[in-house]
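A.B. asks: Fold the following for me, if possible:
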Amino acid sequence: MAADLFKDDAPFRDLIRHATDLTKIDLERICLRGPERELNRPDRLQPLLVSVSLGYLRHLTAAGIRPDLVLGHSLGEITALAAAGIVPAETAVALAAKRGELMAAAASQTPGGLLAVIGGDRAQILSALSAAIPAGMPVLANDNAPDQFILSGDTAALEQARQLIASRHLAHCRRLVVAGPWHSPLMAAAQREFAAWLATVEFRAPQVPLRFNITAGEETDPQKIRDLVARNLGEPVLWRETMAALRGADNLALFEIGPGRVLSGLARANGLGDPVKIFNVNNLRGVELATTNR
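C.D. replies: Numbering: from 1, shown residues only. You can find the predicted model right below:
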């Protein structure tokens, strides 16, 4: 991940050193050589992903591409804060480091994870789960697309949900490789601590509109933005509603910045097909292609 940035990008390496100083972990080694079990830990993965995404964003901006709107899925909302001018890049990395630290601590107290549900009738599935598993778990974590949503909960609740959905042939399910029950009430302690820590961080009004995960709407007041960023830990990501707000825009081009292509697939799943242009900026070649073909 980000081998091209590590090669000769001094500002990016400064961000990685900043993240390493914050976490007291050799993040460059983990990013380039793993092992994957270390990379998947939130206290390592989150500051790395934000640093890498901001590294490619800087190149995209230098190439003259400026956003009309920014948004980020889950952790991606931290990168979006910097892209919108709400916080500097270094602060975004610090936010990711603290967020990852607190989420890792919460997950260590309650082992759990995420379950992707693909296809089927959303309302029927959620109603069946609520009736069969009355303890309040699992909960909706990500409303990603009309045919995909993510459940979050402790390990036992997720297994109950998987078995129920499979036995009734309601949809297809698969466990996601994550370290904890994100976007659920099990993150309540981490959310409270993160909110208290965020109160010490300066937030500015956005220079570019940003749509937030838990409302799918925009916000300009820095204090309200702090609240939304903290609540992101324990409340669902309304990505389907966010994508719906983009449909119908003239000359729409989407730039997915950072490792992977998940959000590009979700854009298509949410009806953003031709003539919408989608660019994957997950290496410097992606920056070049986005610049020449936009």
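
A.B. asks: Count the residues that sit near Ala80.
C.D. replies: Neighbours of Ala80 under the rule other C-beta atoms under 10 Å: 27. Using the backbone N, CA and C atoms, a C-beta is placed for each residue, glycine as well.

A.B. asks: and if you look at Trp182?
C.D. replies: Using other C-beta under 10 Å, the number of residues around Trp182 comes to 28.

A.B. asks: What residues sit buried inside stretch 153-170?
C.D. replies: Neighbour-count burial for stretch 153-170 flags 153-154, 157-158, 160-162, 164-165, 170 (criterion: 16 or more other C-beta atoms under 10 Å).

A.B. asks: Can you pick out the most distant pair from these?
C.D. replies: Based on C-beta to C-beta, the longest span within the buried residues of stretch 153-170 runs between Asp154 and Leu170 and measures 20.9 Å.

A.B. asks: what about stretch 166-180, average pLDDT?
C.D. replies: Mean pLDDT, stretch 166-180: 94.

A.B. asks: for stretch 208-227, that is, sorry about that
C.D. replies: The model assigns stretch 208-227 a mean pLDDT of 97.

A.B. asks: Not counting its own residues, what contacts that stretch?
C.D. replies: Contact partners of stretch 208-227, identified using C-beta atoms under 8 Å, 6 or more residues apart in numbering, comprise 66-74, 77, 80-81, 83-86, 195, 198-199, 201, 203-206, 228-229, 231-232, 235-239, 241-242, 245.

A.B. asks: Which among those residues count as buried?
C.D. replies: 67, 69-74, 77, 80-81, 83-84, 86, 198, 203, 206, 228-229, 231-232, 235-239, 242.

A.B. asks: From those residues, which land in helices?
C.D. replies: Those of the buried ones among the contacts of stretch 208-227 mapping onto helices are 77, 80-81, 83, 198, 228-229, 231, 239, 242, per DSSP state H.

A.B. asks: Quick one: these as a markdown table, columns for distance to Gly265 too.
C.D. replies: As requested, those are exported to a markdown table (distance: C-beta to C-beta, whole Å):
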| residue | distance to Gly265 |
| --- | --- |
| Glu77 | 19 |
| Ala80 | 19 |
| Leu81 | 24 |
| Ala83 | 21 |
| Leu198 | 31 |
| Leu228 | 25 |
| Val229 | 25 |
| Arg231 | 26 |
| Trp239 | 12 |
| Thr242 | 15 |
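
A.B. asks: Identify, from those residues, the entry nearest to Thr291.
C.D. replies: Using C-beta to C-beta, these come closest to Thr291 at Ala83, 16.9 Å.

A.B. asks: got the contact list for that closest one?
C.D. replies: Ala83 neighbours (C-beta under 8 Å, 6+ apart): 57, 67, 70, 72, 208, 210.

A.B. asks: Out of those, list just those in strands.
C.D. replies: 70, 210 (DSSP state E).

A.B. asks: Check the contacts of Ala83 against Asn293 and report the nearest one.
C.D. replies: Among the contacts of Ala83, Pro67 lies closest to Asn293 (C-beta to C-beta), at 16.9 Å.

A.B. asks: The helix or strand harbouring Leu289: which residues count as buried?
C.D. replies: If you go by DSSP states H and E, Leu289 is part of helix 284-293. Buried residues in helix 284-293, counted by 16+ other C-beta under 10 Å: 284, 286-287, 290-291.

A.B. asks: Out of those residues, which is nearest to Ala131?
C.D. replies: Checking the buried residues of helix 284-293 against Ala131 by C-beta to C-beta gives Gly286 as the nearest, at 45.8 Å.

A.B. asks: bridging residues for the residue nearest to that closest one when sequence neighbours are not counted?
C.D. replies: Leaving aside its chain neighbours, Gly286 sits nearest to Asn280 (5.4 Å; criterion: C-beta to C-beta, 6 or more residues apart in numbering). On the basis of DSSP bridges, Asn280 is bridged to Glu256.
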